[in-house]
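> Got a predicted structure here, sequence first:
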There are 2 protein chains.
Amino acid sequence: MTVQPTRDRRAERREATRAEILQAAWELAREQGLGGLSLRDIAAKIGMRPPSLYWYFDSKHAIYDAMFADGNRQLLERLDAVKLPRDPRAALKRYLGAFMGFALEEPARAELLFQRHIPGFTPSPESYALAEAALAGAVKVIGEAGVTDQGDIDCLVAMTAGLMDAQMSNDPGGNRWTRHLNRLVDLLVDDAITGSTHG
Amino acid sequence: MTVQPTRDRRAERREATRAEILQAAWELAREQGLGGLSLRDIAAKIGMRPPSLYWYFDSKHAIYDAMFADGNRQLLERLDAVKLPRDPRAALKRYLGAFMGFALEEPARAELLFQRHIPGFTPSPESYALAEAALAGAVKVIGEAGVTDQGDIDCLVAMTAGLMDAQMSNDPGGNRWTRHLNRLVDLLVDDAITGSTHG
DNA sequence: GTCTATATCCAGATAGAC
DNA sequence: GTCTATCTGGATATAGAC
């Protein structure tokens, strides 16, 4: 019998090139917006011709999907690394603050992950599962702060997203909206807790 | 001298055709999304060839701009027609509720007016002035409810937009998020008023 | 006013040589 | 693996006849 190598150098190289393509895609998205991404430009950026990309990805949507998964993995990693204070309320503020910081530091990434306006693109189930994992993490921290009612959770999430959107659209780089996060968290959590003990 | 007619029938007809073009554009935007709008389809819808549209509008962006102005005029009209209760707090709820209802009833219109997703499109100053007039109306009603601090206004606006976005994205046609509007308005306004008397 | 015809440019994707 | 060459189809916009 033939001896099997323990590493598949070819697969490794392929993975490396895939990563290179994705990195080029992110850079272009940053420079000219997510919608303006073209296979031409991606290929040019890494010294390839457009058709060569098809050896690594089945379609343009497949690239978007890989970016979507990639971005969500970055989000999960970031949120996992957050040092949460022992006080649950403070932990929630820290967690949502980290989330907002993550979104604001790269608008193109936030656009792909949190808004959905790429024409025909829908994330694959595997990629979408990553996004749901991130949301589940938030729900856990919210729950530990005493907010378990679905309506209250919805309010917290919508409020956070509202501040984030306003910040990104109207004052990128500033803090005109984000600075209200902690105050609004207190307001909503207090109200949720009061409501739950009375209702 | 020649006798001048009091009406310019040619101009009237031209305006009518412009309106017809816009109506077709709205219908297509409703059917296939705002981004998918093409001059081909607009022309086809009213029995014209694409080049003929250029007699009525200078470019595709000019059509978007006219739609933007049109949508904002509809918004102003709607908000003006709202019967406001005498109680300022109730009036604010009614006003913001009307705003959300307006946005939710036509997602394509809301996309054009309240999110900014069309590649190279920026509203003309004249059209943008209409949008600012609508916001000014909201600020007035908010102020009458006792909220005058810019930060508090920002929170109210961002919160409303957050609920609206979540509703449109995740539960179009439902009320999972919108149903919390009145409660959150109370929460924010109470806090704003309390804060202003103490600070 | 509306048309035909066309210019120009771009996109994503495939076939097949090397 | 990467290429050249090409397919297919879309877009906005312009020129000029009628």
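The structure has been received and is ready for your questions.
> Check residue A:3 and give its pLDDT.
As summarised for this prediction, residue A:3 has a pLDDT of 81.
> and the helix or strand bottoming out on mean pLDDT in chain A, anywhere near chain B?
Least confident helix or strand of chain A, by mean pLDDT, DSSP states H and E, is helix A:181-198 with a mean of 92. Yes: with CB under 8 Å from any CB of the partner chain as the measure, helix A:181-198 is seen reaching chain B through A:183, A:184, A:187, A:188, A:191. In short, each C-beta sits where N, CA and C put it, glycine included.
> ok, so what distance separates the second one from residue A:55?
When distances are taken as CB to CB, to the nearest Å, residue A:184 and residue A:55 turn out to be 49 Å apart.
> between these two, which one's more packed in?
Between residue A:184 and residue A:55, counting by other CB atoms under 10 Å in any protein chain shown, residue A:184 is the more crowded of the two (24 against 11).
> Could you list which residues are in contact with that one?
A:159, A:163, B:155, B:159, B:188 (CB atoms under 8 Å, 6 or more residues apart in numbering or on different chains).
> Those residues: which two are farthest apart?
Greatest spatial distance in those: A:163 and B:188, 12.3 Å, computed using CB to CB.
> which residues do the two both contact?
Counting by CB under 8 Å, 6+ apart, the residues touching both residue A:163 and residue B:188 are A:184, B:155.
> for the residue nearest the centre of chain A, helix, strand, or coil?
The centroid of chain A falls nearest to residue A:72 when counting by CA atoms, centre = their mean (4.2 Å). Using DSSP: H, G, I helix; E, B strand; the rest coil, the structure places residue A:72 in helix.
> Please apply the same query to residue A:4.
Of the three states, residue A:4 takes coil under three-state DSSP.
> do the same with residue A:116
Going by three-state DSSP: residue A:116 is coil.
> can you count the residues close to whichever residue of chain A sits closest to chain B?
Nearest residue of chain A to chain B (CB to the nearest CB) works out as residue A:162 at 2.2 Å. Here the count is done by other CB under 10 Å, and residue A:162 has 23 residues near it.
> Equivalent analysis for the one 10 residues further on, please.
A count of neighbours around residue A:172, defined by other CB under 10 Å, yields 9.
> Can you give me the pLDDT of the closest residue to it other than its chain neighbours?
In space, and not counting its chain neighbours, residue A:172 is closest to residue A:107: 6.6 Å by CB to CB, 6 or more residues apart in numbering or on different chains. Predicted confidence (pLDDT) at residue A:107: the value is 95.
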